[in-house]
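Trainee: Okay, predicted coordinates and the sequence, questions at the end:
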Amino acid sequence: MTKHLVPTLVAATLLAGTSLAGAQTAAAPAAAADKDPHMISNQDLDMLRRDIRSQKKQLMAQNLTLTDTDATKFWPIYDQYTAELVKINDKKYQTIQEFADRFGSMSDAQANSLVKQWLDVDIAVAQLRAKYLPIVSQAIGGKKGASWAQIDRRIQMMVDLQLSSRTPLVQAQPQAK
């Protein structure tokens, strides 16, 4: 499993990072021209999210060994999990966009609020994964369920690393004069 997961995760992360970098550079001139305060447009974020979901499902299929019977049970559960995860991640991407909108004029209170929102998302994702672990394990077995949780977490960590590495530290924002 590791033979496939590591190179595939690296490729997916690079692709996600390239998509995000492209979204930032493409959105920046448009934002200046259109007076749009977003560093990353909502359309670019939506496209990035669809790409990540597609890649994530492919990575899961490549790295989680399922029999035909297992697959019949697993994929509907996975799709339900993903639908719930998308709702949680709506808050994450809203927080990222708010950070981008406020960068350069963020107060201490706003900075703390945005970080708290981001942490709340992390907690909600972990709780969702914990909710689905017994469901997945019952459907495809404990070892495969644990593998699903590991793969899902690894992919999420790679995506989060890309997002975090592209988000400047709050203290780096220009000081108001």
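Mentor: Yes, it's here. Note that the coordinates shown come from a computational prediction; the quantities given were computed from them, not determined experimentally. Numbers count the residues shown, from 1 in each chain.

Trainee: Look up the closest residue to K73, ignoring the ones flanking it.
Mentor: Nearest non-adjacent residue to K73, counting by Cβ to Cβ, 6 or more residues apart in numbering: A139, 4.1 Å away. (C-beta placed from N, C-alpha, C; glycine too.)

Trainee: no no, Q110
Mentor: Per Cβ to Cβ, 6+ apart, closest to Q110 is R102, 5.8 Å.

Trainee: For P168, which three-state class applies?
Mentor: coil (DSSP: H, G, I helix; E, B strand; the rest coil).

Trainee: Okay, it and I140: tell me how far apart.
Mentor: 41 Å (Cβ to Cβ, to the nearest Å).

Trainee: pull the helix or strand with minimum mean pLDDT from this protein.
Mentor: helix 2-34 (a mean of 43; mean pLDDT, DSSP states H and E).

Trainee: What are the buried residues along the longest helix anywhere in the chain?
Mentor: Identified as the longest helix of the chain according to DSSP state H is helix 68-102. Within helix 68-102, the residues scored as buried using 16 or more other Cβ atoms under 10 Å are 74, 77-78, 81, 85, 88-89, 92-93, 95-100, 102.

Trainee: Just the pLDDT at the residue nearest to K73, thanks.
Mentor: For A139, the pLDDT comes out at 98.

Trainee: From the structure, what's the count of residues near it?
Mentor: Neighbour count for A139, taken as other Cβ atoms under 10 Å: 20.

Trainee: Contact partners for it?
Mentor: 70, 73-74, 77, 145 (Cβ atoms under 8 Å, 6 or more residues apart in numbering).

Trainee: mind checking how far it is from M157?
Mentor: For A139, the distance to M157 - Cβ to Cβ - is 24 Å.

Trainee: where in this structure is pLDDT low?
Mentor: Scanning the chain for pLDDT under 70 picks out the ranges 1-50, 172-177.

Trainee: Pull the contacting residues for K116.
Mentor: K116 makes no contacts at all, as judged by Cβ under 8 Å, 6+ apart.
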